[in-house]
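Enquirer: Sequence and predicted structure, then a few things I'm wondering about:
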Amino acid sequence: DGQTSPEELPGESRGSEAEVAVWDTGAASGLDHLGETATPDFRVLAVLADEGQAPEALGAGARGVVLRDVGGPRLAAAVRAVAEGLLVLDVSAAESVLRPRPASPATIEHLTPREQEVLQLLAQGLSNKLIAARLGISDHTVKFHLNAILGKLGAQSRTEAIAQAARLGLVIF
């Protein structure tokens, strides 16, 4: 039938030349293996049955989320955008991911001014190398700041950090 189960995909994806995998989360375990598959070089666009799955999909490493009822042209546009390195968020799922919550002063104080700068550039989609060049610091220093940001925001990935920062009102898109 040409379909691969989530259990089969992680090993199979390592040798794939595909730039983007379209991952249907329809199965109960649909998001379970996403974190094993999504890597910086192997981007995943998650197709969701429910917009409430969006934060979990992004947290697991998906570079984009669309709802299952997305039309062919919009799905193709989302795949192209993810392939180009953009973060895609279906407008229907946006509220569950970006629901504005006022940032507590304690949260903002925990991020240093430099970490806030790095986080904002990260939200703009810049790579570590570009962030380093923009701020006049080394790649190693950027990684140091990113690790601190991930820890302070309780995030496991860059995408999850951006989603959390957006929920807290720490970044401007």
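Expert: Perfect, I can see it now.

Enquirer: any idea where the strands of this protein begin and end?
Expert: Taking DSSP state E as the test, the strands found in the chain are 20-24, 43-48, 64-67, 88-89.

Enquirer: how close does the closest residue to residue 139 other than its chain neighbours sit to residue 117?
Expert: Excluding its sequence neighbours, the residue lying closest to residue 139 (CB to CB, 6 or more residues apart in numbering) is residue 132, at 4.9 Å. Yep, even glycine has a C-beta here, placed from its N, CA and C like the rest. Between residue 132 and residue 117 the distance is 12 Å, computed by CB to CB, to the nearest Å.

Enquirer: Mind checking which of these two has more residues around it?
Expert: residue 132 (20 against 16; other CB atoms under 10 Å).

Enquirer: Could you measure from the more buried one over to residue 157?
Expert: Residue 132 is 19 Å from residue 157, by CB to CB.

Enquirer: Only the buried residues of the longest helix along the chain, if you could.
Expert: For the chain, the longest helix by residue count, based on DSSP state H, is helix 139-153. Buried positions in helix 139-153, judged by neighbour count with 16 or more other CB atoms under 10 Å: 141, 142, 145, 146, 148, 149, 150, 152, 153.

Enquirer: Likewise for stretch 71-83?
Expert: Buried residues in stretch 71-83 (16+ other CB under 10 Å): 78, 79, 81, 82.

Enquirer: Narrow these to those in helices?
Expert: Checked against DSSP H, the buried residues of stretch 71-83 include these in helices: 78, 79, 81, 82.

Enquirer: hang on, the last one packs against residue 23?
Expert: No - the criterion here is CB atoms under 8 Å, and residue 82 misses it with residue 23 at 10.9 Å.

Enquirer: Give the intersection of the neighbour lists for the two.
Expert: 44, 45 (CB atoms under 8 Å, 6 or more residues apart in numbering).

Enquirer: quick one: the nearest residue to residue 138 once chain neighbours are set aside and residue 152, what's the gap?
Expert: If the residues on either side of it in the chain are set aside, residue 138 comes closest to residue 132, at 5.9 Å by CB to CB, 6+ apart. Remark: distance between residue 132 and residue 152 (CB to CB) = 20 Å.
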